[in-house]
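Trainee: Show me how the following folds:
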Amino acid sequence: MTGSEEPPSFRLAYVPGVTPSKWVRIWNERLPDVPLTLSTVSAAEAPDVLRGRGADAGFVRLPIDRTDLSAIPLYTETSVVVVPKDHLVAAVEEVSADELADEIVLHPLDDTLDWEHPPGLPAFERPATTEDAVELVAAGVGLLVVPQSLARLYHRKDLTYRTITGVPESRVALSWPEAEVTPDLVEEFIGIVRGRTVNSTRGRTPTPPQPKQKRADKGGTPRKPAAGRTSGKTGGKPAKAQGKNARGGSGAPKNAAKRGKPRRRP
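Mentor: Presented below is the predicted three-dimensional model:
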């Protein structure tokens, strides 16, 4: 590597509410020599940041303009309504959009839900950001419908939230600039997010298999017979010990001379 070349690095953008820490930890374990830098961008800015090569990849909220961008949907978030703790909605576990018909529902300019018809009554003015809208809910101006992760991100002690049905849900995706060939580091991060193992053929270069060691009894030193056994077999059973006949005798012929005391001569 020449002095003019920069060491490899990976830049990851993410929108508020997304927590990339799990994937960053896996990246640092697998590629400790490739630093990963994080940057937070608004949901509206994220696509332009990727197109302008301000990041190598990013977590975005769908839908987005897919021109010049690739994207993999990852998960869908539950939508909730943020209310003051003393509001009637706080007394139930779930509420429908129709039940908010008489409530002022704030619709911030950076709203991440793909509304066709927002529920409730519109406010006089749209807040600039979701964070500003949360402050207005705390002031008693209205209610706010957001993905659950944003309700947690901007949580206040005087507010709570409940699941709401009949409204859009936010989909989170991993996106990156479209190219004929996906860069190696982007492909590596896609593999991490998708749960590929370190030796996956679509992730990093697989670890080559180690050669198996030859067993000693195959082409090597022959095995020694077990102690107390002979190598021969008869009918699948160990051969009988030598020097024994079938009746357990000594195996000597019947007419063989017997040993004993010498006879006296007459």
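
Trainee: which stretches of the stretch 101-250 of the chain form helices?
Mentor: Taking DSSP state H, counting those that start in this stretch as the test, the helices found in the stretch 101-250 of the chain are 130-138, 148-153, 184-193.

Trainee: how far is the last one from where the chain is centred?
Mentor: Think helix 184-193. 12 Å (CA atoms, centre = their mean, to the nearest Å).

Trainee: Just the mean pLDDT for that helix, thanks.
Mentor: Here helix 184-193 scores 96 as its mean pLDDT.

Trainee: Could I get the buried residue list for that helix?
Mentor: Neighbour-count burial for helix 184-193 flags 185-186, 188-193 (criterion: 16 or more other CB atoms under 10 Å). For glycine as for every other residue, the C-beta is placed from the backbone atoms N, C-alpha and C.

Trainee: Can you pick out the most distant pair from those?
Mentor: The distance between the two most remote of those (CB to CB) is 12.9 Å, for 185 and 193.

Trainee: Okay, strands next: where are they in this protein?
Mentor: Ranges of strands within the chain are 10-14, 36-40, 57-62, 69-76, 79-84, 94-96, 105-106, 143-147, 159-165, 171-177, 233-234, 237-238, based on DSSP state E.

Trainee: tell me how far the longest one is from the chain's mean position?
Mentor: I take that to be strand 69-76. With CA atoms, centre = their mean as the basis, strand 69-76 stands 15 Å off its chain's centre.

Trainee: ok so, going back, mind putting the helices of the stretch 101-250 of the chain in CSV, distance to residue 17 included?
Mentor: Listed next are these as CSV, based on distance: least, CB to CB, whole Å:
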stretch, distance to residue 17
helix 130-138, 9
helix 148-153, 3
helix 184-193, 16
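
Trainee: Which stretch among the strands of the chain is buried most, on average?
Mentor: The highest mean neighbour count among those, using mean count of other CB atoms under 10 Å, belongs to strand 143-147: a mean of 26.

Trainee: Against which helices or strands is it packed?
Mentor: Identification of packing neighbours for strand 143-147 by 3 or more CB pairs under 8 Å, 6 or more residues apart in numbering; DSSP states H and E yields strand 79-84, strand 105-106, helix 130-138.

Trainee: That strand: partners in the sheet, and parallel or antiparallel?
Mentor: Take DSSP bridges as the rule and strand 143-147 pairs in its sheet with strand 79-84 (antiparallel), strand 105-106 (parallel).

Trainee: sorry, back to before: just the buried residues of helix 184-193 now: which is nearest residue 178?
Mentor: Closest to residue 178, out of all of the buried residues of helix 184-193 and judged by CB to CB, is residue 186, at 10.9 Å.
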